[in-house]
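Peer 1: generate coordinates for the sequence data below:
(chains A, B and C)
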Amino acid sequence: MGNRNFRYKGSMIALVDCNNFYASCERLFRPSLINKPVCVLSNNDGCVIARSQEVKDLGVKMGAPAFKCKEIFDKNDVAIFSTNFPLYGDISSRVMGVLSQFTNELDVYSIDEAFLHLKMYDADYHQYGLSIRERVNRWVGIPTCVGVAETKTLAKLANHVAKKFPQLKGVHVIDTIEKRDKALKWAKVDEIWGIGRKSAEKMRYYGILTAYDFVQKSDSFVRRHFSVVGLRTKKELMGIPCFTLANQPTGKKSIMTSRTFAKYVTDIDGLNEALASYVSSCAYKLRKQSSCAQTIMVFVHTNKHRKDKPQYYNSQSMNLPVASNCSTEILGYAKELLKNIFYEGYEYNKVGVMVSNIIPQEQVQGNLFDKIDRGKHGRLMQVMDNINEYGGRGSIRLASQSYSKGLSKRESLSPEYTTKWSDILEIR
DNA sequence: TCTGGGGTCCTAGGACCC
DNA sequence: TCTGGGGTCCTAGGACCC
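Peer 2: Next comes the predicted model:
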């Protein structure tokens, strides 16, 4: 058979994925940390959410509770950072900006990865991948890996291969049947994009250990045991595209904001303060995508890890009389919901709000009995957003929002080097 | 003492209708 | 007493992703 090429080699998908993204972002402004172990922790410095290669090599697992890793961190002089999403978001958009120079069809999949549709009939995809890496690295300073193949799922797999085999120089192209089979035989089922813990377990039960084993199964078997989701994944692994590229970003269908507290809250006033910030954040994100929500949901819960204490979880949702993106209006309803589900006697460690049934702003149907001056509210929100965008988040807030960020613990926060005037680096 | 946050899609099952 | 066979819509929860 030789190295028979795929029929549609002229149209391929590249997946560019940033290596250890948050850790790499933190390193950007701290060159002394290059080749040193760097670790980023979740909200409240609770658990590990990003690790540089050196930290992975130390055996620190993703999601590991930080307090359990303290010894390893101390012993190996690991640089620890609290999450700094404004920084990561800004670096991400710079990376995406560079990537958009390589294609007309950029599908930004997450904060640290994007699919690129490549249509090049005689091009050397491996060389092209190398030049993508090189430019992102030079212009933004973030290391990446590139996987190229016929479908998204295969591109993901190619990327995985590129990450695991350093001799590939960060780029792997699957463009022949042989390379595809080789990758499929190498990949364990739990490494396939779309196959999670549950499905992988089930597959092992049926003796399916590798991606190659999986594609050998009949469509009907896969459909029956792993639903249409599994079947799509199988087809994608065989080079039949089932996931199309999303050319323009679509608005979110639901938006949620919630935080775990660093200390327990027992009274409703404390929860209300937190709720006010979360509602503001949700409403702001709605306004940013020019949409309104028709449904809101509020939930509270106690610390589920403390089995020795009384546990409580509850949520309540409601449909708004008129779809809204106004912070003050949504907060009014959210407080009512919270009042309904709040009970004294529990130590709460989390409250959250989710808005859903989101529609474009211009499609909002008025209500005959609406007493709210929506034009005025809209202008007020606009003014608030302008002040916060210029002066930094939190420059102006609702009266009921807490003044300090006292409910969260972020002891190792890096500056917002690129998004806050006061945090810009000074070169002397 | 200390265990994240934010999304999407699919399915099963119930309510309801003819 | 027996107790069909569709269809639709909605919701909760599961699985998965980063």
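Peer 1: count the neighbours of the residue in the stretch 151-300 of chain A that DNA strand C sits nearest to for me.
Peer 2: At 2.0 Å from DNA strand C, A:G196 is the closest residue in the stretch 151-300 of chain A, using Cβ to the nearest atom of the strand. Using the backbone N, CA and C atoms, a C-beta is placed for each residue, glycine as well. When neighbours are counted by other Cβ atoms under 10 Å, A:G196 registers 10.
Peer 1: look up the closest residue to whatever residue of chain A ends up closest to DNA strand B, ignoring the ones flanking it.
Peer 2: With Cβ to the nearest atom of the strand, the shortest gap between chain A and DNA strand B falls at A:S42, namely 2.7 Å. Excluding the flanking residues, the one nearest A:S42 by Cβ to Cβ, 6 or more residues apart in numbering is A:I49, at 4.8 Å.
Peer 1: got any ranges where the stretch 301-428 of chain A has weak pLDDT?
Peer 2: For the stretch 301-428 of chain A, the stretches flagged by pLDDT under 70 are A:402-406, A:428.
Peer 1: so which bits of it are right by DNA strand B?
Peer 2: Contacts of the stretch 301-428 of chain A with DNA strand B, taken as Cβ under 7 Å from any atom of the strand, map to A:N303, A:H305, A:R306, A:N349, A:K350, A:G352, A:M354.
Peer 1: top of those by neighbour count?
Peer 2: Top of these by neighbour count (other Cβ under 10 Å): A:N349, with 21 neighbours.
Peer 1: in which helix or strand does that residue reside?
Peer 2: strand A:348-360 (DSSP states H and E).
Peer 1: report whether that strand contacts DNA strand C.
Peer 2: No: Strand A:348-360 stays out of contact with DNA strand C when judged by Cβ under 7 Å from any atom of the strand, the minimum separation being 8.1 Å.
Peer 1: circling back to that earlier point, which single one of the residues of the stretch 301-428 of chain A next to DNA strand B is nearest to DNA strand C?
Peer 2: A:M354 (11.2 Å).
Peer 1: and the gap between the closest one and A:M96?
Peer 2: From A:M354 across to A:M96, the span is 27 Å (Cβ to Cβ, to the nearest Å).
Peer 1: flag every residue of the stretch 101-250 of chain A that's near DNA strand B.
Peer 2: Contacts of the stretch 101-250 of chain A with DNA strand B, taken as Cβ under 7 Å from any atom of the strand, map to A:S227, A:V228, A:V229.
Peer 1: quick one, domains of chain A?
Peer 2: With domains defined by automatic domain parsing, chain A comprises A:1-250, A:255-391.
Peer 1: would you turn these into TSV with distance to A:R410?
Peer 2: Shown next, in TSV, are these (distance: least, Cβ to Cβ, whole Å):
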stretch	distance to A:R410
domain A:1-250	4
domain A:255-391	9
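Peer 1: closest one to A:E416 among the ones you listed?
Peer 2: Closest of those to A:E416 is domain A:1-250, at 4.9 Å (criterion: Cβ to Cβ).
Peer 1: of the residues of the stretch 101-250 of chain A next to DNA strand B, which is the most crowded?
Peer 2: A:V229 (14 neighbours).
Peer 1: host element of that one?
Peer 2: Here A:V229 is assigned to helix A:219-237, by DSSP H and E.
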